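Asker: After the sequence you'll find the predicted model.
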Amino acid sequence: MGGMGDLVGFNFITRLASSLDGVLFPRRCGACRAPLADDCGVFGLCGACMGIFAQKPEHSCAVCAAAIDGEVADAGITTCGRCRIKPPPFDDAFYGMRYEGPARELIHRFKFNGAFRLAKTVSAPLCAELFSRPAAREADLVAPTPLHWRRNYERGYNQSYLVAMEVGKALSKPVEAEALLRVKHTKPQFQLSAAERDKNIKGAFSAPRPEKLAGKTILLVDDIMTTGSTVAEAARALKRAGAAKVMVAAAARA
Ligand SMILES: [Zn+2]
Ligand SMILES: [Zn+2]
């Protein structure tokens, strides 16, 4: 009798302790786990990680923000090879961190445990970047890249929505959570090649309320931008619904 009660009590205390982690114990950097000084890390990142995340390649594509090499840039070319061959349906792209090193660790922790606790931390470099870009500050609204309801149900949350909420707060812009719906249950993109990704994601999104998007400049938020297939397809749906301009904002970019 008492045994069962003890077990339940023990589980409860373990859960409570892990949810209070960070309150009871010294706070640690969300990326590298270094202890945070009391006076630093409002966003849960240490100065060293913030410094790493702020580093951007010297030259990057004017459309998709992929790194381009110096020789290409010196020749006066401002876009990457992929965008020149097939211009994407979005107009600009911003990101907070390169998806490598401590950023990769941070994103993984965000995706697989502690999404709510880490949303602010994961979004901080992106919010700082957007805030410094006049183009981004001209957006009318923020739209997250949606998950299919089935995956949303399995996870219990959409991590892009959590990032979008932080972006909305930072820029004082409305977040239109249902600007897009995912109408197709697709295979996870990371399992696929670049060509397969385009095919897999095709037709995955619909914009159910075009009257809210017509003529608007939209910041389309995703957690990780890799090849850009997903955000391209989402941007296409927004443009079909009448959006004037779509800018991609990713917490991390490969
Ligand atoms: Zn750190
Ligand atoms: Zn590009």
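Answerer: Ah, there it is. Numbering: from 1, shown residues only. Ligands and ions are numbered 1, 2, ... in the order given.

Asker: Just the strands from the stretch 151-254 of the chain, written as ranges.
Answerer: With strands called from DSSP state E, counting those that start in this stretch, the stretch 151-254 of the chain shows them at 181-182, 205-206, 217-225, 245-253.

Asker: And those, which one averages the lowest pLDDT?
Answerer: With a mean of 92, strand 181-182 has the lowest mean pLDDT of those.

Asker: ok, back up a step: please name whichever of the strands of the stretch 151-254 of the chain is nearest to residue 122.
Answerer: strand 245-253 (5.1 Å; Cβ to Cβ). Any C-beta I mention is one placed from the backbone N, CA and C, and that applies to glycine too.

Asker: partners of that closest one in the sheet?
Answerer: The strands beside strand 245-253 in its sheet (DSSP bridges) come out as strand 92-98 (parallel), strand 217-225 (parallel).

Asker: Can you name the residues of the stretch 1-150 of the chain sitting close to ligand 2?
Answerer: Contact residues, the stretch 1-150 of the chain versus ligand 2 (Cβ under 5 Å from the ion): 61, 63, 64, 66, 80, 83.

Asker: Now the residue of the stretch 151-254 of the chain found nearest ligand 2: phi and psi?
Answerer: Residue nearest to ligand 2 within the stretch 151-254 of the chain: residue 228 (7.8 Å; Cβ to the ion). Main-chain dihedrals, residue 228, degrees, to the nearest 10: phi 90, psi 0.

Asker: Name the nearest residue to it, sequence neighbours excluded.
Answerer: Nearest residue to residue 228, sequence neighbours excluded (Cβ to Cβ, 6 or more residues apart in numbering): residue 64, at 5.6 Å.

Asker: what's the residue positioned nearest the centre of the chain in contact with, if anything?
Answerer: By Cα atoms, centre = their mean, the chain has its centre lying nearest to residue 223, at 2.1 Å. Each residue near residue 223 by Cβ atoms under 8 Å, 6 or more residues apart in numbering is listed here: 107, 110, 111, 122, 159, 160, 163, 250, 251, 252.

Asker: tally of neighbours for the residue of the stretch 51-200 of the chain found nearest ligand 1?
Answerer: Residue nearest to ligand 1 within the stretch 51-200 of the chain: residue 102 (6.0 Å; Cβ to the ion). Residues lying near residue 102 (other Cβ atoms under 10 Å) number 20.

Asker: Then it would be within a helix, right?
Answerer: Yes - using DSSP: H, G, I helix; E, B strand; the rest coil, the assignment for residue 102 is a helix.
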